[in-house]
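Q: Got a predicted structure here, sequence first:
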Amino acid sequence: MIRRIALCLALALVSNIAAAQIPTPEEFLGYPLGERFTSHYRIVEYFNELARTSSLVTVEKFGETYEGRPLILATITSAKNRGALDTIRANVAALARGETPDVAKSTPAIVWLAFGIHGNESSSAEASMLVASTLLHDADATKLLDDVVVLIDPLENPDGRERYISWFHRTRGMRPNANPDAFEHREPWPGGRYNHYLFDMNRDWAWMSQRETQARVALYPKWNPQVFVDFHEMGHESTYFFPPDAKPINANVPKDVEKWLDTFGRANAEAFSKKGWPFFVAERFDLFYPAYGDSWPALHGAIGMTYEVAGHSRAGTAVERDDGTVLTLADCIARHFTTGMATVRTAAANREQLLRYTYENARMNLDGGKNTFLILPGSPNYDALIDMLRRQQIRVDVLSAATTLRATRVDRDAAENHTFPAGTAIVSTKQPLGGLAQTLLEKNPVFSRGFLEEQRAKALADEPDDFYDLTTWSMPLAMNVEAYWTASPITGSTKAYESAAATLFRSASYGYLIDGLDPQLYRFVGRLLANNVKFSVSDSAVVHDEHELARGTLVILKGNNASDVDAKLEKLAREAGVTIIPVESGWSGGTSFGSDKIHFVKNPKIALVGGPGTASTSYGMLWHTLDIDTPIPHNTLALESLRGLDLHDFDVLVFPDGSYADRLGKRGVEKIKAWVNDGGTIVAVKGANAFLREKDVEVSKLKPWEPPKKK
């Protein structure tokens, strides 16, 4: 007995020593938190140090940014839960499927705290360290860990953050300058808000265009959190926002979400009131567009919330506001820390009810889903759309045989009888994520009662509306995929969707064809150019083995290429997912491959123009398209450099949206005119298009289309 007591005392002593070795952020960094911005690698090091010194913490690398920085998730929970994480995840996954509600009685809730999706809203990443430290050092906070598993996602956008703080450190003096007009408060183009390719990742959750979003969406179903908070910053003259949210609220989220937003809002309000801090609720920030970091989790059965603190890029580490007060980085950190801890406490106090909310969200969809969407094969983006849905855990089936039923095309209003072929994708809203499926596929979202009427009244009164951001987003329309919906049951037989098997490459003696309608054609073309594979394109249909291939079909002749062309094509076809048709003879029965209708494609000399004056997100979209989505060899040029360059080095100039007045000058405009007259091609987007039509420029004389007066 004495030996057992001694052993327990020894273990307690070791535990206390280990706890004492867990560093606070200040101890680890060597300076007070908030005195300066902490770099990405030091934040990652801090969480790794917590994992090294505490058995309550694990750190998982779940992805990597385009610039090679790790994306990490820290899991913090009690020793009791630590040994049962697999069971906890399995229980929560069952609840998210609408199964085994009784496990809610004994399962901890999952709370995911996500920090810094906008890189120049940088206080939240600092706050993430303080939340983690407090959960490990504060006795009252540590007690919460039996009831919750806390996931800390400290750096949602490391690349944007590093772009912002490295610029800030270069411009700040020995002490911060609180003058809002000082250099350090005037962030240059393109800003740190966006990731490497200048995408706003808080608009990307449903579309998953970026590497960071793809990794986070893939990780999400491992945990199925009950609470998800996205920490942001807004203008430095503001205060603090937490839910309840403004209207509209997405109609496919359970009605009970408003009760929970009120519960968490009141807890945050109580914490702020004790400190005398101002805040606001139910204004500006809604829960509507499904690609936000609050509404996307909300459509997955979580209480998704956005928290916004005053700050943003204009704040830096200290900025004077109009009322004479100075907002500091430490102020921002303290406020995000306070709501973060209040959220964990509220989740722990409502553990079982939150788990049941996840279950009830799934049951609401399983029992109440009314619509079925039918997505026709054959559209170039068919597979891409289905893949996008499945990566978000939406179940997709396909028709086993042709079926005729009455349905409404998504881009129309009237129902019609239509025969759907075998292979038509079937997406029923009678599934756990039926609300998400309905949201992504429907033509028009449903607004809160009376909301549209209020906005029309404001428009007529020449007052600003209350729309925060996008108001419609139908994926079939956005991706140009033919789709229908019906409220009637599908009578034909169905089976689970399976990705089409990649077509095996078969070596040919003469050459190869790729149909001009192959959905991956342009992705393949870019790879051909980059790998010096010579090819041509047909300006008319091509007949092969009595099958007609579309105009735009690629023709690759072995006689025009090096001896290793087969090995290259097999590799590139696998990467791009194209179907390559082998050709054994130059006799086609139609247009011959030596015809003048078959044109050799030269490596285009493309230049994408960017920099101050261009819209950063427009530039980023075009850059990502040329670099990642449809990789085609290209150059990137600074707008201000055009006046000094020989434009004849390029065949195509791509101008993003932007404000070009006074940026090119008369000399630059004249150079562009001369280059166009010599055969150069311009692709101009939005503001650039308008600039080229201006009276003093007139590179283009095209006029915008206007509707007929009578209509």
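A: Sure thing, it's come through.
Q: Check which element follows the lowest-mean-pLDDT helix or strand in the chain along the chain.
A: Using mean pLDDT, DSSP states H and E, the weakest-scoring helix or strand in the chain turns out to be helix 2-21, at a mean of 49. Where DSSP states H and E defines the elements, the next helix or strand beyond helix 2-21 is helix 25-29.
Q: So which residues make contact with whichever helix or strand comes after that following helix?
A: The element immediately downstream of helix 25-29 (helix or strand, assigned by DSSP H and E) is helix 40-53. Outside helix 40-53, the residues that touch it by CB atoms under 8 Å, 6 or more residues apart in numbering are 18, 21-23, 25, 28-29, 57-59, 69-70, 72, 74, 125, 128-129, 132-133, 136, 152, 154-155, 158, 161-162. (C-beta placed from N, C-alpha, C; glycine too.)
Q: Need the residue closest to the centroid of the protein.
A: For the chain, Asp204 is the residue whose C-alpha lies nearest the centre (CA atoms, centre = their mean; 2.3 Å).
Q: Kindly state the pLDDT recorded for the nearest residue to that one once chain neighbours are set aside?
A: In this structure, Asp204 finds its nearest non-sequential neighbour in Thr213, 4.5 Å apart by CB to CB, 6 or more residues apart in numbering. As predicted, Thr213 sits at a pLDDT of 98.
Q: One more: Ser585?
A: Listed pLDDT for Ser585 reads 89.
Q: For it, give me its contacts.
A: Ser585 makes contacts with Tyr510, as judged by CB under 8 Å, 6+ apart.
Q: can you rerun that using 10 Å?
A: 508-511, 593 (CB atoms under 10 Å, 6 or more residues apart in numbering).
Q: Quick check: Ala271 vs Leu528, distance?
A: Separation of Ala271 from Leu528 (CB to CB, to the nearest Å): 59 Å.
Q: Within the helices and strands, which one has Arg216?
A: Assigned by DSSP H and E, Arg216 falls in helix 211-223.
Q: Now the element after that helix, going C-ward?
A: Past helix 211-223, the next helix or strand by DSSP H and E is strand 227-235.
Q: so what does the following helix or strand past that next one touch, helix or strand wise?
A: Counting by DSSP H and E, the next helix or strand C-terminal to strand 227-235 is strand 240-241. Secondary-structure packing of strand 240-241 (3 or more CB pairs under 10 Å, 6 or more residues apart in numbering; DSSP states H and E): strand 227-235, helix 257-275, strand 303-311, helix 329-349.
Q: Next, the angle helix 257-275 makes with the last one.
A: Orientation of helix 329-349 against helix 257-275 (axes from the mean of the first three to the mean of the last three CA atoms, to 10 degrees) gives an angle of 130 degrees.
Q: now do the same end-to-end measure for stretch 426-444.
A: 19 Å (CA to CA, to the nearest Å).
Q: what does stretch 90-102 give?
A: 13 Å.
Q: swap in stretch 78-93?
A: Using CA to CA, the distance between the terminal residues of stretch 78-93 is 20 Å.
Q: Now do the strands in the stretch 51-200 of the chain.
A: Assigned by DSSP state E, counting those that start in this stretch, the strands in the stretch 51-200 of the chain fall at 57-64, 70-76, 109-115, 148-153.
Q: Of these, which is nearest Ser428?
A: Set against Ser428 and scored by CB to CB, these come closest in strand 109-115, at 27.0 Å.
Q: quick one, the closest one and strand 303-311 angle?
A: Interaxial angle, strand 109-115 versus strand 303-311 (the same axes, to 10 degrees): 30 degrees.
Q: just checking, Asp651 touches Thr681?
A: Yes: under the criterion of CB atoms under 10 Å, Asp651 makes contact with Thr681 at 6.4 Å.
Q: what is in contact with those two at once?
A: Between them, Asp651 and Thr681 share the contacting residues 604, 606, judged by CB under 10 Å, 6+ apart.
Q: Show me what counts as buried in the helix holding Arg216.
A: Of all the residues in helix 211-223, those buried under the rule 16 or more other CB atoms under 10 Å are 211-213, 215-217, 219-220, 223.
Q: Widest-spaced pair of those residues?
A: Largest separation among the buried residues of helix 211-223 by CB to CB: Arg211 and Trp223, giving 19.9 Å.
Q: Give the burial count for Tyr522, as a bare number.
A: Around Tyr522 there are 17 other residues, counting by other CB atoms under 10 Å.
Q: Please save the CA atoms from the helix or strand hosting it in PDB.
A: Secondary structure assignment for Tyr522, by DSSP H and E: helix 521-530. Presented in PDB, the C-alpha positions along helix 521-530 are these (Å, rounded to 0.1, in the frame of the first residue of the first chain):
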ATOM      1  CA  LEU A 521      -8.400  19.100 -73.700                       C
ATOM      2  CA  TYR A 522      -6.900  22.400 -72.600                       C
ATOM      3  CA  ARG A 523      -5.200  20.900 -69.600                       C
ATOM      4  CA  PHE A 524      -3.600  18.400 -71.900                       C
ATOM      5  CA  VAL A 525      -2.600  21.100 -74.500                       C
ATOM      6  CA  GLY A 526      -0.700  23.000 -71.800                       C
ATOM      7  CA  ARG A 527       1.300  19.900 -70.900                       C
ATOM      8  CA  LEU A 528       2.000  19.200 -74.600                       C
ATOM      9  CA  LEU A 529       3.500  22.700 -75.000                       C
ATOM     10  CA  ALA A 530       5.500  22.400 -71.800                       C
END
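Q: Please name every helix or strand in contact with that helix.
A: On a contact count with 3+ CB pairs under 10 Å, 6+ apart, helix 521-530 meets strand 511-514, strand 554-557, helix 565-576.
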